[in-house]
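Engineer: The following block contains a protein sequence and its predicted model.
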Amino acid sequence: MTQSNERHHTPGAPASSPGESLVDTGVSPDTATSLPDGRDATAPQEVSAPARERDEFRDLLLRKTAEFDNYRRRVEREKRDLADHVAGELITELLPVVDDFTRALSVGSADAPDSFRQGVELIHRRLLDALAKRGVTVLAPLGELFDPHVHEAVSRIPAEGHADGEIVAVYSPGYLLGDRLLRPARVQVATA
């Protein structure tokens, strides 16, 4: 058989141009992606894809963790606000009872036996203690300057010896729950 100088083109192999000689390097098309040090040239791409995916999942996990922490904090804050709101409504309903006790104690009647007065004083004190445990602060601003944020002026009277805007009488005290005003103090204010 005679050998021909023609080479047949193998699919997947680079086509040679006329005048270009094909030299057999001993590298098969399967190992053509190997680097000179023996590493596979496609390996970094294969490693970078899982690394990229890992980084994406890590970022997603961090974002979801932060979102969950924010959600947890928001739910806790909403629970506190709801509890304060409910407590505020209850306390607001109890305030007229406290006022009635205060008025009953302010009436100096010779008819009332001492034991009755002591019983009413005890109930009044216990009710005020229960409110204080719930974070209620009583505002009794006698002698202070009028503040429209926490006081309600029921009347104004000319009063000598008092500064303009000074509170000269407290009709009913005000109440705060934490920083929230439950009811302003109803007061009489002096005019110069």
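Structural biologist: Great, that's in hand.

Engineer: Now do the residue nearest to P184 when sequence neighbours are not counted, the pLDDT please.
Structural biologist: Closest residue in space to P184, ignoring its immediate chain neighbours: E152 at 4.2 Å, by CB to CB, 6 or more residues apart in numbering. Yep, even glycine has a C-beta here, placed from its N, CA and C like the rest. E152 carries a pLDDT value of 94.

Engineer: can you pull the pLDDT of the residue most central in space within the chain?
Structural biologist: Averaging the C-alpha coordinates of the chain gives a centre point, and the residue nearest to it by CA atoms, centre = their mean is R74 (4.4 Å). Confidence at R74, expressed as pLDDT, is 96.

Engineer: Quick check on it: phi, psi?
Structural biologist: The phi/psi pair for R74 (degrees, to the nearest 10) reads phi -60, psi -40.

Engineer: Check which helix or strand the residue nearest to P184 maps to.
Structural biologist: E152 belongs to strand 151-158 when assigned by DSSP states H and E.

Engineer: In terms of secondary structure, what does that strand contact?
Structural biologist: In terms of contacts (3 or more CB pairs under 8 Å, 6 or more residues apart in numbering; DSSP states H and E), strand 151-158 is packed against strand 167-172, strand 185-191.

Engineer: mind redoing it with 7 Å?
Structural biologist: strand 185-191 (3 or more CB pairs under 7 Å, 6 or more residues apart in numbering; DSSP states H and E).

Engineer: where do the strands sit along the protein?
Structural biologist: Assigned strands in the chain, in chain order: 136-139, 151-158, 167-172, 174-177, 180-183, 185-191 (criterion: DSSP state E).

Engineer: The helix or strand bottoming out on mean pLDDT in the chain: how far from the chain's middle?
Structural biologist: Scoring the helices and strands of the chain by mean pLDDT, DSSP states H and E places helix 114-133 at the bottom, with a mean of 82. Helix 114-133 has its C-alpha centroid displaced from the chain centroid by 38 Å (CA atoms, centre = their mean, to the nearest Å).
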